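>>> I would like to see how this sequence folds:
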Amino acid sequence: MYKKTILKNGLTIATRYMPNRDSVSLGIWIKVGSRYEQVKINGISHFLEHLLFKGTARRSCEQIKQSIEGIGGSLNAFTSEETTCYLAKVPAKLLSKALDVLWDMVLNATLSGEDIEMERRVILEEIRMYKDLPSHYVTDLLSESLWPGQPLGLNIAGETKSVSHIQRKDLTGYRDHFYRLNNIVVVVSGNVSHKQVLEECKRHISCAKRGKIKKFVKVRQAQAGPRLKLQVKDTEQAHLALGVHGLARTHPDRFCLRLLHVILGANMSSRLFQQVREERGLAYEINTAIKLFQDTGAFIVHAGIDNRRLVEALEVILGQLSQMKTTKVAEEELKRAKEYYIGQLTLALENTAEQMLWLGERIVCGGRLLSLQEVIKRIKRIDAADITDLANKIFINSRLNLALIGPVKNKDKEMIKKRLTF
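Below is the predicted model:
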């Protein structure tokens, strides 16, 4: 059901034909994100993403937005650690118009000095906003702890100092290096043919270049023992992000990791939700998350905890993670986890936008592209012993990292340090 073509100029084009859909979703993916940056220019990938909406020689900022929204579509973009994506969703018959707008942004953005200064102020406010949101900022602190002094530990939006000093020549040089055809993937899903997408793209790239692309710095994961990163702040809740180094994106155990995530914290039936919220009333929000990168990953627990019961909550969380190492998951619980994951994925992939994101992420970041049916087969093959084995591989003391934001007292800090163990 998926088709992929790599043109002679290096551009990769992938499509997913979805008949009986009225929409088409498209994304132009660039293989660059915050982990390609240095401290001095931290935030430049995200800065550039913002600027591509500000105008080209053919379209003003307003005309870019109106070109998509004025035909009933939506236009957006995002920057991650490893990718930048410019995306749109429009009625299927208007694919040509949407591709024209996205290619114009990616290849012809003006990057005027006036726009740079205006957007710089916007991004600095964005950075301040997130730092004022402890539930968000605590995950940034966790990344710094997991990968200290490394590009992967940098803030995607950048820091006030770095964003304030990025110049136009930095932005144009960065774009000219990374926004090359052999570093771009176009993904389209919906009621559209692969041939049509190929023809449409070829019309836009005659003057675009290819070239050698710098690679990201691979992570160093040497960690001798648990790490605590604490920001004392007068908040109504203590915000906690606990993480361990996990698996790379194409690791054979990645599907087992998905089930571990479901069992521990992906929904209201999960163990952490039941034990921390329902049984003890220690938190309103608690969940787990997975980060998968090309050479590493992370398993994360995030929660907003009653300030007075922080140590108790941490003990419960670590206890639940530790239990995964010693006690096999019951067959009924494992069956529910499998059905939940398969059901959620199947429902999501009925949507053209989700299909585009699913396909794009896998092609951009490497590895063999699996169909939904192949994923389901792999999920169904996993047994309770596989879950236990994986828990023992990743839930180890030398990989444990804890980030905290809240009014933590010195005595609690010392107790937390003592309890940072599985």
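>>> in stretch 178-196, what's buried?
By neighbour count with 16 or more other C-beta atoms under 10 Å, stretch 178-196 contains the buried residues 178-192, 194. Where C-beta positions appear, they are placed from N, C-alpha and C, glycine not excepted.
>>> Just flag the most distant two among those residues.
Farthest pair in these (C-beta to C-beta) is 178 and 191. Separation: 31.9 Å.
>>> domain parsing for the chain?
The domain map for the chain lists 2-202, 227-419, with the assignment taken from automatic domain parsing.
>>> Between the two ends of the last one, how far is it?
Looking back up the chat, that one is domain 227-419. As for domain 227-419, its first-to-last residue distance stands at 12 Å under the measure C-alpha to C-alpha, to the nearest Å.
>>> quick one on the thing from earlier: nearest to residue 252, of the buried residues of stretch 178-196?
Distance ranking of those against residue 252, using C-beta to C-beta, places residue 185 first at 24.1 Å.
>>> Give me the sheet partners of the helix or strand harbouring the closest one and which way each runs.
Counting by DSSP states H and E, the secondary-structure element that holds residue 185 is strand 184-190. Listed by DSSP bridges, the sheet partners of strand 184-190 and their directions read strand 12-17 (parallel), strand 23-30 (antiparallel).
>>> now it: how far from the chain's centre is it?
Here the centre of mass of C-alpha atoms in strand 184-190, compared against the chain's by C-alpha atoms, centre = their mean, to the nearest Å, lies 18 Å away.
>>> what do you get for stretch 300-307?
Between the centre of stretch 300-307 and the centre of its host chain there is 20 Å, according to C-alpha atoms, centre = their mean.
>>> buried sites along that stretch?
Using 16+ other C-beta under 10 Å, the residues of stretch 300-307 that count as buried are 300, 301, 302, 303, 304, 305, 306.
>>> Equivalent analysis for stretch 333-348, please.
Using 16+ other C-beta under 10 Å as the test for burial, stretch 333-348 gives 333, 334, 336, 337, 338, 340, 341, 345.
>>> Return the backbone torsion pair for the residue nearest the centre of the chain.
With the centre of the chain defined as its mean C-alpha position, the nearest residue by C-alpha atoms, centre = their mean is residue 80, 5.4 Å away. With angles defined as degrees, to the nearest 10, residue 80 shows backbone torsions of phi -120, psi -170.
>>> quick one: pLDDT of it?
The per-residue pLDDT reported for residue 80 equals 98.
>>> Residue 207 now?
pLDDT for residue 207: 75.
>>> In space, what's closest to it - neighbours in sequence excluded?
When the adjacent residues along the chain are set aside, residue 207 lies closest to residue 107, with 7.8 Å between them (C-beta to C-beta, 6 or more residues apart in numbering).
>>> Against which helices or strands is the one helix or strand that neighbour maps to packed?
For residue 107, the enclosing helix or strand under DSSP H and E is helix 95-108. When contacts are defined as 3 or more C-beta pairs under 8 Å, 6 or more residues apart in numbering; DSSP states H and E, helix 95-108 packs onto strand 23-30, helix 61-69, strand 84-91, strand 184-190, helix 194-202.
>>> In CSV: those, plus distance to residue 363.
Shown next, in CSV, are those (distance: least, C-beta to C-beta, whole Å):
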stretch, distance to residue 363
strand 23-30, 8
helix 61-69, 23
strand 84-91, 12
strand 184-190, 5
helix 194-202, 14
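>>> Could you dump those into CSV with mean pLDDT and distance to residue 278 added?
Conversion of the helices and strands packed on helix 95-108 to CSV gives the following (pLDDT from 0 to 100; distance: least, C-beta to C-beta, whole Å):
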stretch, mean pLDDT, distance to residue 278
strand 23-30, 98, 37
helix 61-69, 97, 42
strand 84-91, 98, 37
strand 184-190, 98, 38
helix 194-202, 95, 48
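>>> Out of the ones you listed, which gets nearest to residue 220?
Nearest to residue 220 among the helices and strands packed on helix 95-108 is strand 84-91; the distance by C-beta to C-beta comes to 24.6 Å.
>>> for the closest one, the distance to its chain's centre please.
17 Å.
>>> Now it - C-alpha only, PDB.
Taking only C-alpha atoms (Å, rounded to 0.1, in the frame of the first residue of the first chain), the coordinates of strand 84-91 have been written out as PDB:
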ATOM      1  CA  THR A  84      11.700  19.400  10.700                       C
ATOM      2  CA  CYS A  85       8.400  19.000   8.900                       C
ATOM      3  CA  TYR A  86       6.200  21.400   7.000                       C
ATOM      4  CA  LEU A  87       2.700  19.900   6.600                       C
ATOM      5  CA  ALA A  88      -0.700  20.600   5.200                       C
ATOM      6  CA  LYS A  89      -4.100  18.900   4.900                       C
ATOM      7  CA  VAL A  90      -6.400  19.900   2.100                       C
ATOM      8  CA  PRO A  91      -9.300  18.600   0.000                       C
END
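>>> quick check: angle from it to strand 23-30?
In terms of direction (axes from the mean of the first three to the mean of the last three C-alpha atoms, to 10 degrees), strand 84-91 departs from strand 23-30 by 170 degrees.
>>> got the angle between strand 84-91 and helix 95-108?
Between the direction of strand 84-91 and that of helix 95-108, the angle (the same axes, to 10 degrees) works out to 160 degrees.
>>> neighbouring strands for strand 84-91, and are they parallel or not?
With DSSP bridges as the test, strand 84-91 is paired with strand 23-30 (antiparallel), strand 74-79 (antiparallel).
>>> Single out the most deeply packed of these.
strand 23-30 (a mean of 26; mean count of other C-beta atoms under 10 Å).
>>> Pull the residues that contact that strand.
Residues outside strand 23-30 that contact it (C-beta atoms under 8 Å, 6 or more residues apart in numbering) are 83-92, 94-95, 98-99, 102-103, 106, 178-179, 183-192, 351-353, 355-357, 360, 363-364.
>>> go on, stretch 250-262?
Applying C-beta under 8 Å, 6+ apart, the set of residues contacting stretch 250-262 from outside is 246-248, 270, 288-290, 292, 294, 297, 299, 324, 334, 337-338, 340-341, 366-368, 375, 378-379, 382, 386-387, 390-391, 393-394.
>>> Which of those residues are buried, as a PyMOL select command?
Here is the PyMOL selection string for the buried members of the contacts of stretch 250-262, based on 16+ other C-beta under 10 Å:
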select buried, resi 246+247+248+270+288+290+292+294+297+299+324+334+337+338+340+341+375+379+382+386+387+390+391+393+394
